[in-house]
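> When you get a sec, could you give me coordinates for this:
(one chain, ligands or ions: 1)
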Amino acid sequence: MIRLFETHHIRKTKELSEALWSFTALDKEDAETLKVYVPSCWETYPGYENYKGTAMYETTFEAKGNIVLEFKGVSHYAKVYVDGKLYGTHYGSYTPFQVVVTGLDGGEHQLSVDVDNRYLDKYSLDFPNDYMSYGGISRGVVLHEVSECYVERIWMTQKKNKDGKWEVSTDIWVNNLGTEDKTIDIDVTLAGKTHTIKGCQLPKETTTKITEGRIVVEDAICWEVTNPKLYYVTVALKDNGKIIDDYRDRFGFRTVAVLGDKLLINDEPVYIKGVCRHEDYSGFGCALPAEAMSRDLHMIKDMGANSVRTTHYPNNEIFLDLCDELGILVWEESHARAIEEDRMKSPYFESQSEEVIEEMILNHYNHPSIYIWGILNECGSESEHGRVCYEAQYNLIRRMDKSRPHSSASCKFDADICQDLPDICSWNIYPYWYDADTATEKLNHVYQWLQGEGNGKGKPFMITEVGAGAIYGFHDYARDKWSEEYQRDILEKQLQEIAAFEPCIGMYIWQFSDVRVAKEWAITRPKSRNNKGIVDEFRRPKLAYDSVKAIFRGINK
Ligand code: ADA
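Down below sits the predicted model:
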């Protein structure tokens, strides 16, 4: 499965995933070729539980003419070959990419994807970390058979006009693969009405962005957490009256704004009760099936939460589709965890970070559930060089998307020199767990500092991580560390104190489920897991689950 709805009615597409592919490890002696299910992570194949290296995935497909191969996520570097010829490469596990092949002869073709998940300097965002960097084709793959001109993507931007009516502008990216300039018409169908954009000029061999402004939608219903109403839009390209391509997407009517120290959704202040979540599930690695994602979200809602933070990378679009449908607010984060000044100075870091941000926003812009873009979790925000990167990345977000705020989760306390840059000041705190301070002391300290020297005066203030660890099934009346009792007691104090702290606009618990960590982290992470989940890696609730539920459900702000 690629999305929760059909994205084309006219264009011929075929999902190449949800099928068995050949898998051959290239850095393992006498490796046998396996038949493996794609999408998947190779750490779930027997004998490859800790494999760091390169591997070849292969399948065949039938097509003729121009094709686009769309990969929703390959972890973490991919080289894509068709019939033995290299057509594209991509770095970045968590964002989609496309490879175009023109003029294919009819018949069967060989698709080979050479995947690398090694920790190398040139892969600056991946290194041994407090989560697992899995390997493999971990998200879906689609084959599109396209005509000479096809739609790459559409963006829907909504705002209320001066008469209080919702209007949308549509950005349509159209690729003309041909060697001649073209003129076409485009039909945009939305809420039962079709608007035609006549005479769009498409210069040869390039992508052109066409913008249609101000389509008014009468009686539009807002996307709300309590009523997540979605609208579908279809774009059809017409060449001399004949439809040659179509593209369908969906969006919602909702606004996000920062007003003084408040976060407003649809002009109403919102209080965030959220969980941080890694894409990780025992037995599946990061390639969770849609059923598992859906179950996670139902548990998250059952806990009384209204939001998920996609730590520490952009998520699968199926997950975002589910959040759109279930009315869950998403802090979507670019890929970075604890990249300190030294690593930020890598010649690859800034360009690779910006590529992930660009791909994240380009591909996820229409999701109404995403209310904020996050970057650079706990990175070098105390250094001058770090500040240059934070500023460049916030500027990139602002250039691409003016409709959502941005932020980043910091743990640098009084040393942080970047708090004037984000729209919201966001902090990760671990009172009673890593620190002796109470949550109230910690909150007061950070908040007061932000109002002065910290340069975050008057901005919304949010807690992006708070939590404590427990090993599922370890009970201890003495409440020793790692017992479920100890975790529950700490979380109760943390959440209640944060909820009582007036200036704070919300909190995210670290974290929803236990996750596997890189083996280099095992010494401080019992069972090689980050055990701060409210449920374990099999989604078995720990004692804290019911306490979180009682507290979250009791917060009525
Ligand atoms: C940090 C970090 C998380 C996780 C957490 C912890 O705040 O952002 O990824 O590592 O600490 O468990 O200590």
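
> now the lowest-mean-pLDDT helix or strand in the chain: how far from the chain's centre is it?
Every helix and strand of the chain was ranked by mean pLDDT, DSSP states H and E. The lowest is strand 206-217, at a mean of 93. A distance of 25 Å separates the centroid of the chain from that of strand 206-217, by C-alpha atoms, centre = their mean, to the nearest Å.

> same deal with stretch 348-361?
Distance, centroid of stretch 348-361 to centroid of chain: 13 Å (C-alpha atoms, centre = their mean).

> May I have the phi/psi pair for the closest residue to the ligand within the chain?
The chain approaches the ligand most closely through Asp130 (3.7 Å), counting by C-beta to the nearest ligand atom. Every C-beta, even on glycine, is put in place using the N, C-alpha and C of the backbone. Main-chain torsions, Asp130, degrees, to the nearest 10: phi -80, psi 30.

> What of Trp433?
phi -110, psi -70.

> next one: Asn66
The phi/psi pair for Asn66 (degrees, to the nearest 10) is phi -100, psi 130.

> what about it, how many residues close to it?
Counted by other C-beta atoms under 10 Å, the residues lying close to Asn66 total 20.

> cool, and the one 5 residues further on?
Look at Phe71: counted by other C-beta under 10 Å, it has 24 neighbours.

> Let me know whether it touches Tyr94 as I believe.
No. Counting by C-beta atoms under 8 Å, Tyr94 is not a contact partner of Phe71; they are 11.6 Å apart.

> Contacts only, for Ile154.
Counting by C-beta atoms under 8 Å, 6 or more residues apart in numbering, Ile154 makes contact with 170-173, 233, 235, 247, 249, 366.

> what about it, which helix or strand?
Assessed by DSSP states H and E, Ile154 sits inside strand 149-160.

> Hmm, Tyr477 is touching Glu485, no?
Yes. Assessed by C-beta under 8 Å, Tyr477 is found in contact with Glu485 at 7.3 Å.

> So for the two, which sits in the more crowded spot?
Neighbours per residue, other C-beta under 10 Å: of Tyr477 and Glu485, the larger number sits with Glu485, 18 against 7.

> tell me the SS of the more buried one?
Three-state assignment for Glu485 (DSSP: H, G, I helix; E, B strand; the rest coil): helix.

> helix or strand for the residue lying closest to it once chain neighbours are set aside, which one?
In space, and not counting its chain neighbours, Glu485 is closest to Arg479: 4.9 Å by C-beta to C-beta, 6 or more residues apart in numbering. According to DSSP H and E, Arg479 maps onto no helix or strand at all.

> Would you check that Arg479 makes contact with Ile490?
No. Counting by C-beta under 8 Å, Arg479 stays clear of Ile490, with 9.4 Å between them.

> Who has more neighbours out of those two?
Looking at Arg479 and Ile490 with other C-beta under 10 Å, you find the greater number of neighbours at Ile490, namely 23 against 14.

> Does the more buried one touch Tyr432 like I think?
Yes. Counting by C-beta under 8 Å, Ile490 touches Tyr432, with 4.5 Å between them.

> For these two, list the residues in contact with both.
Ala468.

> neighbours of Lys402, just the number please.
8.

> So which bits of the stretch 1-150 of the chain are right by the ligand?
Asp130 (C-beta under 6 Å from any ligand atom).

> which residues in the stretch 1-150 of the chain form strands?
Taking DSSP state E, counting those that start in this stretch as the criterion, the stretch 1-150 of the chain carries its strands at 12-15, 19-25, 34-38, 54-62, 65-71, 74-75, 77-82, 85-91, 97-104, 108-116, 136-137, 141-146, 149-160.

> What of the stretch 201-350 of the chain?
Going by DSSP E, counting those that start in this stretch, the stretch 201-350 of the chain shows strands at 206-217, 231-239, 242-251, 256-259, 262-265, 268-269, 272-276, 307-309, 329-333.

> Can I get those strands in a markdown table including mean neighbour count and distance to the ligand?
Converted to a markdown table, the strands of the stretch 201-350 of the chain look like this (neighbours: other C-beta atoms under 10 Å; distance: least, C-beta to the nearest ligand atom, whole Å):
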| stretch | mean neighbour count | distance to the ligand |
| --- | --- | --- |
| strand 206-217 | 14 | 36 |
| strand 231-239 | 19 | 35 |
| strand 242-251 | 19 | 31 |
| strand 256-259 | 15 | 23 |
| strand 262-265 | 18 | 21 |
| strand 268-269 | 11 | 26 |
| strand 272-276 | 25 | 7 |
| strand 307-309 | 26 | 10 |
| strand 329-333 | 25 | 10 |
